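Chemist: Here is a sequence together with a model predicted from it:
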Amino acid sequence: MRNVEQKPVIVYDGHCNFCIGQINRIKRCDKYDQFETLSRYSDGLFERFPVLAQENLDSGLRVVGLDGKVSVGADAVYDIYKKFSPAKYIAWIYKVPILNLVFKGVYALIAKNRYRFAGKCKDGSCKL
């Protein structure tokens with residue numbers, strides 16, 4: 001039996017200004033406190049989620065579900081926003097095959113260039 005306090009966990013790049021801005025946006029949308037957020041640099045992350053130790057966390061954010069399943073990048077964004085109103089009413093668009101490829105491509109482009117878009121944090125200046 002799972003603890004009722006458990007939530008899916010969003011793992012993000014805690015040194016990226018762009019990523020931190022997006023996590024702040026997600027927190028504003030998460031009116032029912034449905035997600036926990038952790039920087040990929042958090043102490044004990046790999047002990048808590050050993051499956052993440054084998055992944056390249058540079059490729060995008062992760063959502064670790066209550067069942068231990070990990071969604072990555074654009075799939076993770078879909079898993080997050082399908083729980084928020086009003087986004088949940090149009091989230092099905094992500095599942096349209098051609099649009100899905102477009103969303104994944106755009107996400108990959110942003111993830112690859114995220115430091116160029118918003119810079120990288122230095123000296124803990126971006127702590128949430």
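Modeler: That came in fine, so what should we check first? Residues are numbered from 1 along each chain as shown.

Chemist: quick one: secondary structure of Val106?
Modeler: helix (DSSP: H, G, I helix; E, B strand; the rest coil).

Chemist: so who does the closest residue to it other than its chain neighbours touch?
Modeler: Using CB to CB, 6 or more residues apart in numbering and skipping the chain neighbours, the partner closest in space to Val106 is Ala74 (7.7 Å). To be clear about C-beta, it is placed using only N, CA and C from the backbone, and glycine gets the same treatment. By CB atoms under 8 Å, 6 or more residues apart in numbering, Ala74 lies in contact with Gly60, Tyr94, Asn100, Phe103, Lys104, Val106, Tyr107, Ala108.

Chemist: measure Ala74 to Ile80 for me?
Modeler: Using CB to CB, to the nearest Å, Ala74 is found at 11 Å from Ile80.

Chemist: picking that back up, most neighbours among the contacts of Ala74, which one?
Modeler: Gly60 (25 neighbours; other CB atoms under 10 Å).

Chemist: pLDDT wise, what is it at?
Modeler: Note for Gly60: predicted pLDDT of 90.

Chemist: Ser71 looks like it's in a helix, true?
Modeler: No. Under three-state DSSP, Ser71 falls outside any helix and is assigned strand.

Chemist: in the sheet, who's paired with it?
Modeler: Counting by DSSP bridges, Ser71 is bridged to Val63.

Chemist: Pull up the gap between it and Gln22, please.
Modeler: Applying CB to CB, the value for Ser71 to Gln22 is 15 Å.

Chemist: Select the helix or strand of this structure having the lowest average pLDDT value.
Modeler: When the helices and strands of the chain are scored by mean pLDDT, DSSP states H and E, helix 114-118 comes last with a mean of 83.
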